[in-house]
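Colleague: From the sequence below, what's the structure:
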Amino acid sequence: MATYLKRILPLIAIDGDDGNYGSSATCDMAALQAISKRVHYGKFVAEAKYQASTEEYRKLINAKDSNALLALLTNVAVEEKLLQRVRQKARTYGRDLDETGGPEEEEKMRVDPEVIVELYRDCLIPLTKQVQVHYLLQRLSPPRVGYLGPPGSFSHQASMQYFRQLNPEAVMVPQDTVASVFQCVMSNEASFGLIPFENSIGGKVQGVIGHLTSSGHRPSICGDCFLKVSQCLISHPSVGDYKHIKRVYSHPQALLQCQQWLREHMPQVEQVPTTSTSGAAEMVKGMDDTCAAIGSSLLANQYELRVLQQDMQDQSFNRTRFLVLRRDPLDTLNVSSGKDRTILILSLRNQVGSLARALAVFAEHKVNLTTLESVKNPAEAWAYGRTCSVFSI
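Modeller: Below you'll find the predicted structure:
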């Protein structure tokens, strides 16, 4: 935008105010989008050049030599041919038609072709190469993974389990909330995100489907993993047993997974929901000995707490499924691996039989559905029927 406002507009726009603010803003947006798209296509070119001369580029990337990468990317002959094409296109498309339908004289062109050539030579090509160098410098970097933190949470364990098998150097980036995980993926702060999605006891994790079905650009789901969850009651080392505990802190899902045990052994305890099991352990560490948290034994070691009760979840086969998020699809060709899972988000009209007709398609093609969810439409009161999520394998 800075380049557009400070360098491009002064060359192509006439000084003065014509009052067409709306039209000008529309044209500005179209121009900015076109410039951004053109510049960022350079990443594909950079990747093609990397694949063609991998060892040469790898050496410069590891040395973080930006100047040498820029020189290696630059092909003066190719750039000159590009400028020639730009000049010819500007001459061809930059003129209005006269009364006979032919092009106007060149002196009546909307923008001088040499101005367009100058913009490409001095603005667009340098911007493209800047993006290419930035892309290449992170080409060999280990992936960054956003997860629901802080460290020691079940999401952290699942992230380590999933990504360290793919790349032992993967960097784990804790996030305060599920919304923050989505945001760090969409802003490219992290290459991947991992969020808890459903539990074999508690069902769907509250709020996650809302993020998946929200309007606007959403991250792609590129994988999933399962983690065996063993819930523990943890508190200060000085606490002998759980009989004197008055408040228990944990993520709502963890509390839900332990409801039967809590009713039987601690019926009077106050249950306080937190954003994560790790957050609960961190809070309890700074409280008195009447407080406890529910989480993993790893948290107890990390925060120097004592495990008062192990495996307090209501069912021994307790598993949590996590979804792996990425800003853009890993496979733009959508080639099936044979082991894929599919999540469909359908928006249906509020009419009799609309859901039945939609589901009939799956039956007709012999597709087995594992889960069907109705999602609240936040724009309308009681509008559950407008959007539903269908989860299938």
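Colleague: Determine how far the last residue of stretch 136-144 lies from the first.
Modeller: End-to-end span of stretch 136-144 (C-alpha to C-alpha, to the nearest Å): 16 Å.
Colleague: for stretch 160-172, same thing?
Modeller: 8 Å.
Colleague: and that stretch, how far from the chain's centre?
Modeller: Distance of stretch 160-172 from the chain centroid (C-alpha atoms, centre = their mean, to the nearest Å) equals 17 Å.
Colleague: now swap in stretch 355-369 and tell me
Modeller: With C-alpha atoms, centre = their mean, you get 30 Å for stretch 355-369.
Colleague: Then stretch 55-74?
Modeller: On C-alpha atoms, centre = their mean, the centre of stretch 55-74 falls 29 Å from that of its chain.
Colleague: Outside of that stretch itself, which residues are in contact with it?
Modeller: 46, 49-50, 53, 129, 132-133, 136-137, 139-140 (C-beta atoms under 8 Å, 6 or more residues apart in numbering). Yep, even glycine has a C-beta here, placed from its N, CA and C like the rest.
Colleague: Including distance to residue 94, could the residues you listed go into TSV?
Modeller: Shown next, in TSV, are those (distance: C-beta to C-beta, whole Å):
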residue	distance to residue 94
46	30
49	31
50	36
53	37
129	26
132	28
133	32
136	34
137	37
139	38
140	43
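Colleague: And the furthest pair within those?
Modeller: 129 and 140 (18.9 Å; C-beta to C-beta).
Colleague: tell me the contacts of residue 155?
Modeller: If you count contacts by C-beta under 8 Å, 6+ apart, then residue 155 has 147-149, 194-196, 276, 322 around it.
Colleague: go again using 10 Å as the cut-off
Modeller: Counting by C-beta atoms under 10 Å, 6 or more residues apart in numbering, residue 155 touches 145-149, 172, 174-175, 178, 181, 193-196, 227, 251, 276-278, 320, 322.
Colleague: With residue 23 instead?
Modeller: Contacts of residue 23 (C-beta under 10 Å, 6+ apart): none.
Colleague: helices or strands next to whichever strand or helix holds residue 10 in the packing?
Modeller: Applying DSSP states H and E as the criterion places residue 10 in helix 9-12. Judged by 3 or more C-beta pairs under 10 Å, 6 or more residues apart in numbering; DSSP states H and E, helix 9-12 is in contact with helix 21-40, helix 113-119.
Colleague: now with 7 Å?
Modeller: helix 113-119 (3 or more C-beta pairs under 7 Å, 6 or more residues apart in numbering; DSSP states H and E).
Colleague: Figure out how far stretch 181-200 is from the centre of its chain.
Modeller: Computed by C-alpha atoms, centre = their mean, the chain-centroid distance of stretch 181-200 equals 6 Å.
Colleague: how about that stretch: buried residues?
Modeller: Judged by neighbour count (16 or more other C-beta atoms under 10 Å), stretch 181-200 contains these buried residues: 181-186, 190-200.
Colleague: Emit the ChimeraX select command for whichever of the contacts of stretch 55-74 are buried.
Modeller: Buried subset of those, written as a ChimeraX selection, criterion 16+ other C-beta under 10 Å:
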select :46,49,50,129,132,133,136
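Colleague: Contact partners for residue 179?
Modeller: Going by C-beta atoms under 7 Å, 6 or more residues apart in numbering, residue 179 touches residue 211.
Colleague: Residue ranges in the stretch 201-350 of the chain under the pLDDT threshold?
Modeller: Regions of the stretch 201-350 of the chain meeting the criterion pLDDT under 70 cover residues 213, 215-217, 329-339.
Colleague: can we see that at 50?
Modeller: Along the stretch 201-350 of the chain, the parts satisfying pLDDT under 50 run over 331-334.
Colleague: Start from the N-terminal end of it and give the strands.
Modeller: 203-204, 220-228, 232-235, 247-250, 270-273, 291-295, 306-309, 319-326, 342-347 (DSSP state E, counting those that start in this stretch).
Colleague: Including distance to residue 354 and mean neighbour count, could those go into a markdown table?
Modeller: A markdown table is the format used below for the strands of the stretch 201-350 of the chain (distance: least, C-beta to C-beta, whole Å; neighbours: other C-beta atoms under 10 Å):
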| stretch | distance to residue 354 | mean neighbour count |
| --- | --- | --- |
| strand 203-204 | 23 | 14 |
| strand 220-228 | 25 | 16 |
| strand 232-235 | 46 | 28 |
| strand 247-250 | 39 | 23 |
| strand 270-273 | 36 | 14 |
| strand 291-295 | 41 | 29 |
| strand 306-309 | 48 | 17 |
| strand 319-326 | 27 | 21 |
| strand 342-347 | 9 | 13 |
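Colleague: nearest to residue 370, of those?
Modeller: Across those, closest to residue 370 is strand 342-347 (C-beta to C-beta), at 10.1 Å.
Colleague: Mind checking the pLDDT average for the helix or strand following the closest one?
Modeller: Per DSSP H and E, the first helix or strand lying C-terminal to strand 342-347 is helix 354-364. On average, the pLDDT along helix 354-364 is 88.
Colleague: List the buried residues in helix 354-364.
Modeller: By 16+ other C-beta under 10 Å, the buried positions in helix 354-364 come out as 355, 359.
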